[in-house]
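A.B. asks: Have a look; sequence and predicted model below, questions after that.
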Amino acid sequence: MTMFESKTAGFSMANPMMSLAERFRQRRMERQTRAALNKLPDDILKDIGLSRSDISRVARQTSHTPYF
């Protein structure tokens, strides 16, 4: 592995801008998911099997899942 292929803490030296863009995409998706779930009333959250305390975890997991 060359110096340019090494990875440190999820940051790719081969393409640092792509890594940065991906992190921004993940953060944006996490914020959008959290905002959408926070708007739902508790009874709807319960219907889909979530509670208020699950929202951050679900938003974090969803942001790391490709949507295409």
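C.D. replies: The structure has been received and is ready for your questions. Because the structure is a prediction, the values reported are computed rather than measured.
A.B. asks: ok, for Ser56, nearest residue in space, not its chain neighbours?
C.D. replies: Of all residues beyond its chain neighbours, the one nearest Ser56 is Arg34 (6.7 Å), with distances taken as CB to CB, 6 or more residues apart in numbering. C-betas here are computed from N, CA, C, even on glycine.
A.B. asks: List the contacts of the one you found.
C.D. replies: With contact set as CB atoms under 8 Å, 6 or more residues apart in numbering, Arg34 has these partners: 55-56, 59.
A.B. asks: Can you tell me which of those is nearest Ser19?
C.D. replies: Of all these, Ala59 has the smallest distance to Ser19: 20.7 Å, by CB to CB.
A.B. asks: how about the strand or helix carrying that closest one: buried residues?
C.D. replies: For Ala59, the enclosing helix or strand under DSSP states H and E is helix 55-63. Neighbour-count burial for helix 55-63 flags 55, 58-59, 62-63 (criterion: 16 or more other CB atoms under 10 Å).
A.B. asks: Next, the buried residues of stretch 27-47.
C.D. replies: Buried positions in stretch 27-47, judged by neighbour count with 16+ other CB under 10 Å: 29-30, 33-34, 37, 45.
A.B. asks: Strands of the chain, residue ranges please.
C.D. replies: Across the chain, reading from the start of the chain, the strands by DSSP state E fall at 7-8, 11-12.
A.B. asks: Comparing those by mean pLDDT, which bottoms out?
C.D. replies: Within the strands of the chain, the least confident segment by mean pLDDT turns out to be strand 7-8, at a mean of 47.
A.B. asks: Going along the chain, name the helices of this structure.
C.D. replies: Listed in chain order, the helices found in the chain under DSSP state H are 16-39, 42-47, 55-63.
A.B. asks: which sections of this structure are below the confidence cut-off?
C.D. replies: Applying pLDDT under 70 to the chain flags residues 1-18, 66-68.
A.B. asks: let's see it at 90
C.D. replies: Filtered on pLDDT under 90, the chain yields the residue ranges 1-26, 61-68.
A.B. asks: start to end distance for stretch 47-61?
C.D. replies: 20 Å (CA to CA, to the nearest Å).
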